[in-house]
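Novice: Sequence below, structure please.
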Amino acid sequence: MSDATPKTTAELLSRVDQAWTALEGTIGRLTPAQLGDVRDAAGWAVKDHLMHVAAWEDAFVARLAGQPTHEALGVDKSVLSGDEDAENAVIFALHRHRPIPEVLDALRASHRAARGRLAALSDRAVSGPVSGVLPPGAETDGSPAAAWIGGSTWEHYEAHHSWIRALVDGR
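Specialist: This is a model prediction of the structure:
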């Protein structure tokens with residue numbers, strides 16, 4: 001698949017599905033110890049990466065529905081300061097003690113919800129500005145919708161998938 005930004009809903013879903021399938025394939029081969037015991041220098045286990053993806057995907061779905069991001073994340077509005085590392089540290093602390101089955105359920109539920117919302121988008125919405133996929137009055141920066149969606153879906157899956165593989169492989 002090319003790195004070109006998707007122009008249609010079918011292309012967008014293809015990108016999402018390919019990255020999701022790759023991530024699920026890796027997760028499905030991991031043992032409970034690999035999912036929960038091996039930690040990176042920041043203290044994150046694979047399950048923490050997965051919960052991070054789920055939390056931000058829930059926030060993405062909330063934003064599509066016009067709901068506040070901080071509410072979907074379960075944090076105070078002040079946490080969303082624009083400092084990604086600080087925001088992610090709060091989310092990590094909030095979820096780090098969740099058991100693996102609960103994390104996997106949350107991850108899959110958030111993905112189903114996001115994919116369902118994406119499947120309902122028109123080609124025009126996908127190829128247009130982000131304002132075309134958000135409710136009227138939502139704050140936007142004028143970026144292309146598909147690029148914005150990619151950051152919350154396939155690109156996010158791919159980034160964490162790489163970190164998960166490196167963590168499990170001991171790199």
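
Novice: Correct me if wrong: residue 74 contacts residue 90.
Specialist: No: shown here, residue 74 and residue 90 do not form a contact pair, counting by Cβ atoms under 8 Å, at 9.7 Å. Where you see a C-beta, it was placed from the backbone N, CA and C, and this is true even at glycine.

Novice: list the contacts for the closest residue to residue 77 other than its chain neighbours?
Specialist: Ranked by Cβ to Cβ, 6 or more residues apart in numbering and with sequence neighbours excluded, the top spatial neighbour of residue 77 is residue 70, at 4.5 Å. Under the criterion of Cβ atoms under 8 Å, 6 or more residues apart in numbering, the contact partners of residue 70 comprise 76, 77, 79, 80.

Novice: so where's the protein shaky on pLDDT?
Specialist: 1-3, 171 (pLDDT under 70).

Novice: what ranges do the helices span in it?
Specialist: Per DSSP state H, the chain carries helices over the ranges 9-29, 32-36, 46-64, 69-73, 84-95, 100-119, 123-127, 145-152, 154-169.

Novice: Looking at the ones you listed, which is nearest to residue 137?
Specialist: With distances scored as Cβ to Cβ, the stretch of the helices of the chain nearest to residue 137 is helix 46-64 (12.5 Å).

Novice: Could you tell me how many residues sit around residue 58?
Specialist: A count of neighbours around residue 58, defined by other Cβ atoms under 10 Å, yields 21.

Novice: whoops, I mixed them up, residue 39
Specialist: Counted with other Cβ under 10 Å, residues neighbouring residue 39 total 12.

Novice: Nearest spatial neighbour of it, chain-adjacent residues omitted?
Specialist: If the residues on either side of it in the chain are set aside, residue 39 comes closest to residue 45, at 5.2 Å by Cβ to Cβ, 6+ apart.

Novice: higher neighbour count, residue 74 and residue 90?
Specialist: The residue with the greater number of neighbours, taking residue 74 and residue 90 and applying other Cβ under 10 Å, is residue 90; the counts read 17 against 14.

Novice: For residue 131, see how far away the closest residue to that one other than its chain neighbours is.
Specialist: Residue nearest to residue 90 in three dimensions, not counting chain neighbours: residue 79, with 5.0 Å by Cβ to Cβ, 6+ apart. According to Cβ to Cβ, to the nearest Å, residue 79 and residue 131 sit 25 Å apart.
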